[in-house]
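[1] build me a model:
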Amino acid sequence: MYGRAPSAPAVHAAAVFADAGAGDVLELGAGHGRDALHFARAGFRVTATDVSQSGLAQLRHDAEAERLTGRPATVAHDARDPLPLAAGSVDGVFAHMLLCMALSTAEITALVSEVARVLRPGGTFVYTARHTGDAHYGAGTAHGDDIFEHGGFAVHFFSRRLVERLAQGWDLIEVHPFEEGDLPRRLWRITQRRRR
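    The predicted model follows:
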C-alpha cells in the first residue's frame, strides 16, 4: 500500500537513533516492514512487531531477499497488550501512525507506559499521529474519545493536550507537523526521551 521505500519519519528516526548511539530498536506496528528494513540496513538490531502475521511474513521474506536474515526479528503483537520485551532492553522505539489507530486514550496511555518500561534510561521514542487539524477530524462517524470513522477506517486524532499528557515524565524534544499522502493527512512527528 505504501511502497517499499522507508517513510520520511523512519528516515528521521534512524538519524535520531544514530546520533544517540542507539543499538537496539523496536518498531511497533511494522506492517510489511519498509521502515524496519530501513533500520536494519542502517545497522540497528531491530525487533519489529505487528498484529498481522501476513505482514510479518512479508517482512521476513523481504529481509531474506536482501540477505538480512534474522534482522529484523519479528514478533506478533497486539498494541493493546503488554510489550513482549524485557524492561530496559531497547535504545529506541518507533511507531508510524500506530498510536492513532482506533485505540482509546486509556489504551494509548498504557502503550506509552510500556514503551517507557522497555526503553533504557535516556532512550528515545519517535512516533507519528494524525492530529485534530486533519481534514477528516470531525468527519464521518464519531465513536467518542476523538475517534472518527471515515471510509471504513477509524482514527484517533491527537490533540496537542494529548501529546503533552503522553509526554508527562519524559523530555518532550519535538512536535513536528508534516503532511503525508493524497488527502493530505496531517500529522505530528513526536520525539520524546525517557528521563535518566
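
[2] report the beta-bridge partner residues of the residue nearest the centre of the chain.
    Centroid-nearest residue in the chain: Ala95, 0.5 Å away (criterion: Cα atoms, centre = their mean). Ala95 has these beta-bridge partners by DSSP bridges: Tyr127.

[3] hey, where'd the strands end up in the protein?
    For the chain, applying DSSP state E gives strands covering 24-27, 45-50, 73-76, 90-96, 119-130, 141-144, 147-150, 153-156, 170-180, 185-194.

[4] now distance to Ser113 and mean pLDDT too, for those, in a markdown table please.
    Bear in mind the C-beta positions are built from the backbone N, C-alpha and C, glycine included. Formatted as a markdown table, those follow (distance: least, Cβ to Cβ, whole Å; pLDDT from 0 to 100):
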| stretch | distance to Ser113 | mean pLDDT |
| --- | --- | --- |
| strand 24-27 | 15 | 98 |
| strand 45-50 | 16 | 97 |
| strand 73-76 | 19 | 96 |
| strand 90-96 | 12 | 98 |
| strand 119-130 | 11 | 98 |
| strand 141-144 | 22 | 97 |
| strand 147-150 | 20 | 96 |
| strand 153-156 | 17 | 96 |
| strand 170-180 | 11 | 97 |
| strand 185-194 | 11 | 98 |
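
[5] will you turn those strands into a markdown table that also has distance to Ala36?
    Formatted as a markdown table, these follow (distance: least, Cβ to Cβ, whole Å):
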| stretch | distance to Ala36 |
| --- | --- |
| strand 24-27 | 5 |
| strand 45-50 | 4 |
| strand 73-76 | 8 |
| strand 90-96 | 9 |
| strand 119-130 | 14 |
| strand 141-144 | 30 |
| strand 147-150 | 27 |
| strand 153-156 | 23 |
| strand 170-180 | 18 |
| strand 185-194 | 17 |
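
[6] out of the ones you listed, which gets nearest to Ala65?
    With Cβ to Cβ, the closest approach to Ala65 among the strands of the chain belongs to strand 73-76: 14.9 Å.

[7] quick one: residues contacting the residue nearest to the centre of the chain.
    Residues in contact with Ala95, defined by Cβ atoms under 8 Å, 6 or more residues apart in numbering, are 27-29, 125-128.

[8] repeat the analysis, applying 10 Å as the threshold.
    By Cβ atoms under 10 Å, 6 or more residues apart in numbering, the contact set of Ala95 is 9, 13, 26-30, 35, 49, 79, 101, 111-112, 115, 125-129, 190.
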